[in-house]
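K.L.:
Whatever this is, show me its structure:
(chains A and B)
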2 protein chains.
Amino acid sequence: MQQTSKKRPRGRPPKEAAGFSETREALLSAGVAALTEKGFSATGIDEILRRVNVPKGSFYHYFKNKEAFGAELIERYAQYFSSKLDRILLNKDRSPMERMDDFVEDAIIGMQRYDFTRGCLVGNLGQEMGVLPPAYRSLLVEVFHDWQMRTAACLKEASNIGQLKHDIDCDAAAEYFWIGWEGAVLRAKLEQSEKPLRQFAKGFFAGYVN
Amino acid sequence: MQQTSKKRPRGRPPKEAAGFSETREALLSAGVAALTEKGFSATGIDEILRRVNVPKGSFYHYFKNKEAFGAELIERYAQYFSSKLDRILLNKDRSPMERMDDFVEDAIIGMQRYDFTRGCLVGNLGQEMGVLPPAYRSLLVEVFHDWQMRTAACLKEASNIGQLKHDIDCDAAAEYFWIGWEGAVLRAKLEQSEKPLRQFAKGFFAGYVN
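P.N.:
Next comes the predicted model:
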């Protein structure tokens, strides 16, 4: 993420607390959008401030520095995504493997909504790790572990009712799923098509499902 | 990729043709290294020129512009990689599925050599496609298709001698492999570990191999 061009010339302080937290929220939303679209290196803080109509110098009223801002974006996205996983993968109206299908369809709809310009914030940042603040590494690894754990729980339910082949290690399968799924999201962005997502899901299910 | 800070102030022309092509080669090597490590957005042309000890203004003696330079880096990497695939996947001293194993081991050694700081140039650029010159999209898609074709040929040999489950569509399996493998490379960089590469290979082979 490129720095603001001026280092710390503080702008006018926000007039009231409500405006402050709304602006802060707007900056976080714009940041998540930018990182899912372009990643960290190609995103300038100036550009995020512009999107939200915040004067250049004000950034440091809202966040300690750009590293702290990025860390909060990771946390924000992780929370949003784990809520989504819970909503889909704990849905008792659907069988466990139907829920896995639902996850794939939800991802396709999500990527279609932005014409395949937005991918996964965590995948984008994982790819760029070499140029990111080193503290992000463990944050990103943790996010994947969280998603894998929620996915493994769904696969275990599937296994318990005989939807999976009998010898499947559900924790390993969930890790395998997330390793490959990020590749599928990358490829869907590149090809501007849902096909890689479907292709990966199909290949994954073929190996595991009864 | 960031631009050179000055636009086109031409530097001294290189003194002789041999020096010219050597310097050009050195710029291409440095470019490939930078793109496998950091991707396009985080790489500055100034930095590549510095690595090779070429004065700032001279870039346009060697390449038409930075878009053309990037396209040549993609082509260069694609050639290097398809030669590597041929060397490994056409090796008659090994059975077809042993060759697939050899590919995985070779990738692990390659990533270990640079302490997991370098990934796949094509995967990095695929991830960044949203901010790259649009012409790169078809170049990158083509590279994946080339790798998939070479991989499918190996899988077909494997299938012909009964190394694969009997109902495998080798073209689809090769596409599936490359979709997921890029995710594994991304994750290996993030975790600075060969484990995601092994985990993905294991999961892939489990689904396909007899």
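
K.L.:
Quick check: phi and psi on residue A:44?
P.N.:
phi -100, psi 140 (degrees, to the nearest 10).

K.L.:
List the buried residues in stretch A:202-210.
P.N.:
Within stretch A:202-210, the residues scored as buried using 16 or more other C-beta atoms under 10 Å in any protein chain shown are A:203-208. No exception for glycine: its C-beta is placed from N, CA and C like everyone else's.

K.L.:
now swap in stretch A:44-58 and tell me
P.N.:
Those would be A:44-45, A:48-49, A:52, A:54, A:57-58, for stretch A:44-58 by 16+ other C-beta under 10 Å.

K.L.:
quick revisit: so can I have a markdown table of the buried residues of stretch A:202-210 showing pLDDT and secondary structure?
P.N.:
Converted to a markdown table, these look like this (pLDDT from 0 to 100; DSSP: H, G, I helix; E, B strand; the rest coil):
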| residue | pLDDT | secondary structure |
| --- | --- | --- |
| A:203 | 93 | helix |
| A:204 | 94 | helix |
| A:205 | 93 | helix |
| A:206 | 89 | helix |
| A:207 | 86 | helix |
| A:208 | 87 | helix |
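
K.L.:
So which of these is the closest to chain B?
P.N.:
Comparing these against chain B with C-beta to the nearest C-beta places residue A:207 closest, at 2.9 Å.

K.L.:
How about that closest one, nearest residue that isn't a chain neighbour?
P.N.:
residue B:207 (2.9 Å; C-beta to C-beta, 6 or more residues apart in numbering or on different chains).

K.L.:
gap between the one you found and residue A:98?
P.N.:
21 Å (C-beta to C-beta, to the nearest Å).

K.L.:
what separates stretch A:94-113 from the chain centre, distance-wise?
P.N.:
Centre-to-centre, stretch A:94-113 and its host chain are 15 Å apart (C-alpha atoms, centre = their mean, to the nearest Å).

K.L.:
near chain B at all, it?
P.N.:
No. Applying C-beta under 8 Å from any C-beta of the partner chain, one finds stretch A:94-113 out of contact with chain B, separated by at least 12.3 Å.

K.L.:
And the contacts of that stretch?
P.N.:
The contact list for stretch A:94-113 (C-beta atoms under 8 Å, 6 or more residues apart in numbering or on different chains) reads A:84-85, A:88-91, A:118-119, A:151, A:154-155, A:157-158, A:161, A:163-164, A:185, A:188-189, A:194, A:197-198, A:201, A:205, A:209.

K.L.:
So which of these are in helices?
P.N.:
A:84-85, A:88-89, A:151, A:154-155, A:157-158, A:185, A:188-189, A:197-198, A:201, A:205 (DSSP state H).

K.L.:
Could you list the low-pLDDT ranges of chain A?
P.N.:
For chain A, the stretches with pLDDT under 70 are A:1-18.

K.L.:
would you list every one of the helices in it?
P.N.:
So, for chain A - with DSSP H - the helices run A:17-38, A:45-51, A:59-62, A:66-89, A:96-113, A:121-127, A:136-160, A:170-191, A:195-208.

K.L.:
Pick out the most distant pair among the ones in helices among the contacts of stretch A:94-113.
P.N.:
A:157 and A:189 (30.9 Å; C-beta to C-beta).

K.L.:
Those two: who's more crowded?
P.N.:
residue A:189 (27 against 19; other C-beta atoms under 10 Å in any protein chain shown).

K.L.:
where's the more buried one relative to residue B:185, distance?
P.N.:
16 Å.

K.L.:
OK, contacts around residue A:78?
P.N.:
Residue A:78 neighbours (C-beta under 8 Å, 6+ apart): A:122, A:143, A:146.

K.L.:
can you pick the most crowded of those residues?
P.N.:
Of all these, residue A:122 has the most neighbours under the rule other C-beta under 10 Å, reaching 25 neighbours.

K.L.:
measure the closest residue to residue A:81 other than its chain neighbours to residue B:86 for me?
P.N.:
Distance criterion C-beta to C-beta, 6+ apart; nearest residue to residue A:81, sequence neighbours excluded, is residue A:147 at 6.9 Å. Residue A:147 sits at a distance of 37 Å from residue B:86 (criterion: C-beta to C-beta).

K.L.:
got it, and residue A:140?
P.N.:
For residue A:140 relative to residue B:86 (C-beta to C-beta), the value is 35 Å.

K.L.:
more neighbours, these two?
P.N.:
residue A:140 (22 against 12).

K.L.:
surely the more buried one meets residue B:190?
P.N.:
Yes. Applying C-beta atoms under 8 Å as the test, residue A:140 and residue B:190 come out as touching, 5.8 Å apart.

K.L.:
Look up the residues that both of the two are in contact with.
P.N.:
Joint contacts of residue A:140 and residue B:190 (C-beta under 8 Å, 6+ apart) are A:126, A:129.

K.L.:
so how far is residue B:41 from the residue nearest to residue A:207?
P.N.:
For residue B:207, the distance to residue B:41 - C-beta to C-beta - is 35 Å.

K.L.:
Then residue A:185?
P.N.:
For residue A:185 relative to residue B:41 (C-beta to C-beta), the value is 18 Å.

K.L.:
which ones among the ones in helices among the contacts of stretch A:94-113 come in contact with chain B?
P.N.:
Okay, of the ones in helices among the contacts of stretch A:94-113 touching chain B (C-beta under 8 Å from any C-beta), that's residue A:189.

K.L.:
So what's the residue count around residue A:150?
P.N.:
Residue A:150: 18 neighbours (other C-beta under 10 Å).

K.L.:
Does it touch residue A:83 like I think?
P.N.:
No. Residue A:150 is beyond contact range of residue A:83, at 10.4 Å (criterion: C-beta under 8 Å).

K.L.:
Tell me the one of the buried residues of stretch A:44-58 nearest chain B?
P.N.:
Distances from chain B to the buried residues of stretch A:44-58, taken by C-beta to the nearest C-beta, are shortest for residue A:44, at 10.5 Å.
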